[in-house]
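S.K.: Generate coordinates for the sequence data below:
(chains A, B, C and D)
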There are 2 protein chains.
Amino acid sequence: MARARPATLKAIADQLGLHVSTVSRVLNGPPEGSERAASGATAERIRRLADELGYRRNPHAKSLRTARSDLVGVLVPQLADLVLALVYEGIEEAAAERGLSTFVMNTRDDEPTQRARTELAIGRRVDGLIFADGREDTELLAEVAAREVPFVLVNRPAGDFPVVACDNRAGGRMVAEHLLERGHQRVAVVAGPAYARTARERTAGFVERYREAGFPVPEELVVHSRFDTGGGREATARIMQAAGAEPPTALFAVNDFAAIGAAGCAREHGLLIGRDIAVAGFNDTPLAAELPVPLTSVRVPVHEMGRRALGLLADLIGGRSVGSVHLPPELVVRASTTGGA
Amino acid sequence: MARARPATLKAIADQLGLHVSTVSRVLNGPPEGSERAASGATAERIRRLADELGYRRNPHAKSLRTARSDLVGVLVPQLADLVLALVYEGIEEAAAERGLSTFVMNTRDDEPTQRARTELAIGRRVDGLIFADGREDTELLAEVAAREVPFVLVNRPAGDFPVVACDNRAGGRMVAEHLLERGHQRVAVVAGPAYARTARERTAGFVERYREAGFPVPEELVVHSRFDTGGGREATARIMQAAGAEPPTALFAVNDFAAIGAAGCAREHGLLIGRDIAVAGFNDTPLAAELPVPLTSVRVPVHEMGRRALGLLADLIGGRSVGSVHLPPELVVRASTTGGA
DNA sequence: CTCCTCTACCCAAACGTTTGCGCCAAACGA
DNA sequence: TCGTTTGGCGCAAACGTTTGGGTAGAGGAG
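M.R.: The predicted model follows:
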């Protein structure tokens, strides 16, 4: 029933007639000092016995002693959101390479939950935190900063805290540019939630480019929404109603799921995606390419963003100072904006 | 720079002129013995100071002392797979309710990675493991069992180990039943990977029901595939080729992503989904309902499965013996199998 | 032979808890 | 009045590491 207690340094030391500190230095000590720790022969004996006994250093003892947990907490709105799952995969991969462990928690973009989860992570003595759910409308991050817990943001910027994100404004502009080239002059935006800077910046870039081109997007055709398909659908319904007799010829949704919802709604209005109305999304979810009418979208290097975020955090934990990173997005044109050609 | 050291039991004890053991019993001791630990007044003083100082028990010290980490490791093939993400959300939710922490790792359904991740988790001294990537073709689970590390499986059964899954065979039968009612006699199956029992059981249930009905599914129309859209697409291409002049009138794919790929392939063969050919999936991914032709699928209580899996593991860790749990699936009929009506 | 420098180790404290045991005083029973 | 209980705590060991400081002995320089 009771699992056999794992081998300890002491067990190895006793069996070899050595002191535990010697064994510790050989097995877990820094590689630089390893020659000075013990003679080659002794080191060899230690290593041999260690793996014969299946020695694994006890992380609790290690962390207790060193006050470093090698743990980083990751807060995401929803792991079931593909984008976040991919970001997290990047984080986890990079963490594993550095011998760090990560644990992820859902916050549902809800402040009390964010607070509770942050508290929980700090309670577990994480060395640092990565927030993928930064919000503009809360003091939480400032408070965490005041407590001197190292953290970085990923995907969604907020405040002036270090962040790894894609250049959302540029992405929005790229979509606008593409739609302008295709001749669309009356367009609408499914703009996502107001609290998410990602959504705000994508919208801003898009609207800005259209304004520059001389076709300002009417305010009532820029409507906020949730990030899911239902949100896209509802927002589009509102857009169609606001537009009345002159429906837009193109829709830009600030993420793919909203775009799918938007397309669904447009279809119900009797419009053929890609011919009667162009639809573009954002994030280039793997799904985008697989839809019956493949979706034009902006590819965001989500995996890489996760990796870089962890790198940044590691630097921060290591006491180095860091700046934000902005990765370039890339437009992927598909039939949903060219189907009528 | 250096974070202020968090308050410890000793700090509280000293400040109150008490002994650390007394403080420990009041703050962290079992609720049953709390009256015997200190007088009401003392307990009150302790609690007040504790939260004034923001005391949080040091988990490393606690775990070192008690040899319990309150940690469970979760291995999934791919967190970016929606189904797994939802299962994990259920696990995490249930874990949080019990004061446990979880951490997930991707194994990409690849045995060396599974081994490495398992080793890593055990190295972190988890109290137990949850495998969402059980395979029939490896000894890994048996080895873990031999090491007396408590674990349960979720979603995919394997061997005779305790598992929380849905009744996949029944699910397969339900789809068959539905297609039979709609008059389909020549059908094909996109059967998923051979190593996944989920896929095998869904296929088996489906094929079995068709055999009973007197329309055995020809072997060459049951083809293995990966779980993603590309896999579904390729498998369907092979099916179409094998079927030649008499293409099936219905396709059953053992998961939604494969079904989407299958539908894409069928469409390219000039078939209209729901009218010329029926397509059914499995899992009822949120997406299924949002497709242009909404997908008939089998709803699986994934969140609940995650919750129950954690419950089972907790029992196991607590020394209670446990049995497997099978939750009932539910058929959700949509236009992809009724569009022609 | 003395002094010094390495090499190859050992020593012991500390990290923050938990927990079986023990002790003192007050309350209680007879 | 004299045990005997019991409420309210303190004591100390232990969990497995890390790490700054030793120290004994070998070898070399002078």
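S.K.: how about the residue sitting nearest the centre point of chain A, what does it touch?
M.R.: The C-alpha lying nearest the average C-alpha coordinate of chain A belongs to A:Val87 (CA atoms, centre = their mean; 3.9 Å). Contact analysis of A:Val87 by CB atoms under 8 Å, 6 or more residues apart in numbering or on different chains lists A:Val76, A:Ala132, A:Val154, A:Asn155, A:Val302, A:His303, A:Met305, A:Gly306, A:Ala309. Yep, even glycine has a C-beta here, placed from its N, CA and C like the rest.
S.K.: who in the stretch 51-200 of chain A is up against DNA strand D?
M.R.: With CB under 7 Å from any atom of the strand as the criterion, the stretch 51-200 of chain A meets DNA strand D at residues A:Tyr55, A:Arg56, A:Arg57, A:Asn58, A:Ala61, A:Lys62, A:Leu64, A:Arg65, A:Thr66.
S.K.: doesn't the fifth one fall inside a helix?
M.R.: Yes - A:Ala61: assigned to a helix according to DSSP: H, G, I helix; E, B strand; the rest coil.
S.K.: so it touches B:Ser63, yeah?
M.R.: No - contact between A:Ala61 and B:Ser63 fails when scored by CB atoms under 8 Å: they sit 9.1 Å apart.
S.K.: Name the residue in the two with the higher neighbour count.
M.R.: Between A:Ala61 and B:Ser63, B:Ser63 has the larger neighbour count (other CB atoms under 10 Å in any protein chain shown), namely 21 against 16.
S.K.: So which residues of chain A form strands?
M.R.: Assigned by DSSP state E, the strands in chain A fall at A:71-76, A:101-106, A:128-131, A:151-154, A:163-166, A:187-190, A:222-223, A:250-253, A:278-280, A:297-299, A:325-327, A:330-332.
S.K.: Can you check which of the ones you listed gets nearest to chain B?
M.R.: strand A:101-106 (4.1 Å; CB to the nearest CB).
S.K.: Show me what that closest one pairs with in its sheet, parallel or antiparallel.
M.R.: strand A:71-76 (parallel) (DSSP bridges).
S.K.: Find the nearest non-adjacent residue to A:Trp95, please.
M.R.: For the record, residue A:95 is Ala, not Trp. Once flanking residues are discounted, A:Ala95 sits nearest to A:Thr102: 4.7 Å by CB to CB, 6 or more residues apart in numbering or on different chains.
S.K.: which residue does the stretch 151-300 of chain A bring closest to DNA strand D?
M.R.: Closest approach between the stretch 151-300 of chain A and DNA strand D, counting by CB to the nearest atom of the strand: A:Phe151, at 23.6 Å.
S.K.: my read: that residue touches A:Ala132, true?
M.R.: No - A:Phe151 sits out of contact with A:Ala132 when judged by CB under 8 Å, with a separation of 11.2 Å.
S.K.: could you pull out the helices for the stretch 101-250 of chain A?
M.R.: Taking DSSP state H, counting those that start in this stretch, the helices of the stretch 101-250 of chain A run over residues A:111-123, A:140-146, A:168-181, A:197-212, A:229-243.
S.K.: Any chance of JSON lines for those helices, columns mean neighbour count and mean pLDDT?
M.R.: Converted to JSON lines, the helices of the stretch 101-250 of chain A look like this (neighbours: other CB atoms under 10 Å in any protein chain shown; pLDDT from 0 to 100):
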{"stretch": "helix A:111-123", "mean neighbour count": "17", "mean pLDDT": "95"}
{"stretch": "helix A:140-146", "mean neighbour count": "15", "mean pLDDT": "95"}
{"stretch": "helix A:168-181", "mean neighbour count": "22", "mean pLDDT": "98"}
{"stretch": "helix A:197-212", "mean neighbour count": "22", "mean pLDDT": "97"}
{"stretch": "helix A:229-243", "mean neighbour count": "20", "mean pLDDT": "94"}
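S.K.: Tell me which of those helices approaches DNA strand C most closely.
M.R.: Nearest to DNA strand C, of all those, is helix A:111-123, at 10.4 Å by CB to the nearest atom of the strand.
S.K.: Let me see the confidence value for A:Asp81.
M.R.: As predicted, A:Asp81 sits at a pLDDT of 88.
S.K.: Also the one 10 residues further on?
M.R.: Reported pLDDT at A:Ile91 in the predicted model: 97.
S.K.: Could you tell me how many residues sit around it?
M.R.: 29.
S.K.: shouldn't it be in contact with A:Phe103?
M.R.: No - at 10.6 Å, A:Ile91 does not count as touching A:Phe103 under the criterion of CB under 8 Å.
S.K.: what is in contact with the two at once?
M.R.: Common contact partners of A:Ile91 and A:Phe103 (CB under 8 Å, 6+ apart): A:Val72, A:Val74.
S.K.: residues in contact with A:Gly134?
M.R.: A:Leu141, A:Leu153, A:Arg156, A:Pro157, A:Ala158, A:Gly159, A:Phe161, A:Val163, A:Arg197.
S.K.: and if we set it to 10 Å?
M.R.: A:75, A:114, A:140-141, A:151-159, A:161, A:163, A:165, A:195-198 (CB atoms under 10 Å, 6 or more residues apart in numbering or on different chains).
S.K.: ok, now A:Gly159?
M.R.: Applying CB under 10 Å, 6+ apart to A:Gly159 gives the contacts A:Gly134, A:Arg135, A:Glu136, A:Thr138, A:Glu139, A:Leu141, A:Ala142, A:Ala145, A:Leu153, A:Arg197.
S.K.: mind putting these in TSV, distance to B:Ile239 included?
M.R.: TSV is the format used below for the contacts of A:Gly159 (distance: CB to CB, whole Å):
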residue	distance to B:Ile239
A:Gly134	47
A:Arg135	48
A:Glu136	51
A:Thr138	52
A:Glu139	57
A:Leu141	53
A:Ala142	58
A:Ala145	57
A:Leu153	47
A:Arg197	47
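S.K.: Find the pair from the residues you listed with maximum spatial separation.
M.R.: Among the contacts of A:Gly159, the pair separated by the greatest distance (CB to CB) is A:Ala145 and A:Arg197, at 17.3 Å.
S.K.: A:Thr102 reaches A:Arg124, doesn't it?
M.R.: No - if you go by CB atoms under 10 Å, A:Thr102 and A:Arg124 don't touch, sitting 11.7 Å apart.
S.K.: between the two, what contacts are shared?
M.R.: In contact with both A:Thr102 and A:Arg124: A:Leu71, A:Gly73, using CB under 10 Å, 6+ apart.
S.K.: Between the two, which has more neighbouring residues?
M.R.: A:Thr102 (23 against 18).
S.K.: what bridges to the more buried one?
M.R.: Here A:Thr102, judged by DSSP bridges, has bridge partners A:Val72.
S.K.: Next, work out how far apart the residue nearest to A:Ala95 and A:Thr249 are.
M.R.: 45 Å (CB to CB, to the nearest Å).
S.K.: okay, and the common contacts of A:Phe151 and A:Ala132?
M.R.: In contact with both A:Phe151 and A:Ala132: A:Leu75, using CB under 10 Å, 6+ apart.
S.K.: what about the residue in the stretch 1-150 of chain A positioned nearest to DNA strand D, how many residues close to it?
M.R.: Nearest residue of the stretch 1-150 of chain A to DNA strand D: A:Ser21, at 2.8 Å (CB to the nearest atom of the strand). When neighbours are counted by other CB under 10 Å, A:Ser21 registers 12.
S.K.: A:Arg47 now?
M.R.: Quick note: A:Arg47 (other CB under 10 Å) scores 15 neighbours.
S.K.: For it, give me its contacts.
M.R.: A:Ile12, A:Val23, A:Val26, A:Leu27, A:Tyr55.
S.K.: Surely A:Gly192 and A:Ala262 touch.
M.R.: No - in this structure, A:Gly192 is not within contact of A:Ala262 by CB under 10 Å, at 11.6 Å.
S.K.: Give me the common contacts of those two.
M.R.: A:Ser225, A:Gly231, A:Gly232, A:Ala235, A:Ala253.
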